[in-house]
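Asker: What follows is a predicted protein model with its sequence.
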Amino acid sequence: MSIPTTEIVIFPTSETFRNDNSILHPAFDIMAKVDGLQTPIYSGLQVEDPATGYVFLNWDSLAHHKAAMASASYGTVHEIMTAAFAGSGKMYHVIFNDHPIALQQPVTEILFVTLKDPSHRAEVFEIFNNFTEVSKKMLVFGPTLEDENVIVLVGGWESVEAHRETVAKSEPKAEIERLYTLVDEDHLFHAALTPYQ
């Protein structure tokens, strides 16, 4: 199966969603029947601040997602999802450098960075590719389709502590320090995601 186009929705959560994220299941039931959606759908709360939530959907292509948004059933999906949102969310699309298996782990790291200068792209991609290889593809990355200078990395971890312990080691620490001379960090948090088939 080809690498999907991953839709990432980051949103302020309602108290209702924080208490029961299954309120999105009726919307996911509708979405799961849409042509081009690859299940499971992942959703959950940010570990650091549950007032932020995430939804990850894998599509065969951006065109499939756009067709779904133009369909008659999308109004119902939007209406159901509104109950989970405490305000406006942000949507991104990414084609990662490999399948995003990180979403299946107990904790998913979600990192958004912006290139300080587009000329840094090759070096930043080299650093992220090293992360992908060393992690056995548990860390994957790609630029957003909305802005190629914004790069998203998702990483799968057993826990937030496991992530922190790993990045404190000398080898990744040196690469991470170099990375932050080339990019600005926009978003670095962790989520506990639940799959929905």
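Answerer: Sure thing, it's come through.

Asker: residue boundaries of the helices in the chain?
Answerer: With DSSP state H as the criterion, the chain has helices at 15-19, 25-32, 62-70, 74-82, 121-134, 160-167, 170-182.

Asker: Give me the helices and strands touching the second one, please.
Answerer: If contacts are counted by 3 or more C-beta pairs under 8 Å, 6 or more residues apart in numbering; DSSP states H and E, helix 25-32 sits against strand 37-46, helix 74-82, strand 183-196. Heads up, the C-betas are built off the backbone N, CA and C, glycines and all.

Asker: buried stuff in the last one?
Answerer: The reference is to strand 183-196. 183, 189, 190, 191, 192, 193, 196 (16 or more other C-beta atoms under 10 Å).

Asker: Tell me if I'm right that residue 36 and residue 62 touch.
Answerer: No. Between residue 36 and residue 62 there is no contact, the gap being 9.8 Å when judged by C-beta atoms under 8 Å.

Asker: between these two, which one's more packed in?
Answerer: When neighbours are counted by other C-beta atoms under 10 Å, residue 36 and residue 62 differ, and residue 36 comes out ahead with 17 against 14.

Asker: separation between the more buried one and residue 103?
Answerer: Distance, residue 36 to residue 103, by C-beta to C-beta, to the nearest Å: 18 Å.

Asker: CA atoms only for the helix or strand of the chain with the lowest mean pLDDT, dumped as CSV, please.
Answerer: Within the chain, no helix or strand scores below helix 170-182, which has a mean of 91 by mean pLDDT, DSSP states H and E. Presented in CSV, the C-alpha positions along helix 170-182 are these (Å, rounded to 0.1, in the frame of the first residue of the first chain):
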residue,chain,number,x,y,z
SER,A,170,24.7,12.4,23.4
GLU,A,171,24.2,11.3,19.8
PRO,A,172,20.6,12.4,19.2
LYS,A,173,21.2,15.5,21.4
ALA,A,174,23.9,16.8,19.1
GLU,A,175,21.7,16.3,16.0
ILE,A,176,18.8,17.9,17.8
GLU,A,177,20.9,20.9,18.8
ARG,A,178,22.0,21.3,15.1
LEU,A,179,18.4,20.9,14.0
TYR,A,180,17.3,23.9,16.2
THR,A,181,19.8,26.1,14.6
LEU,A,182,18.0,25.5,11.3
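
Asker: I am finished for the moment; much appreciated.
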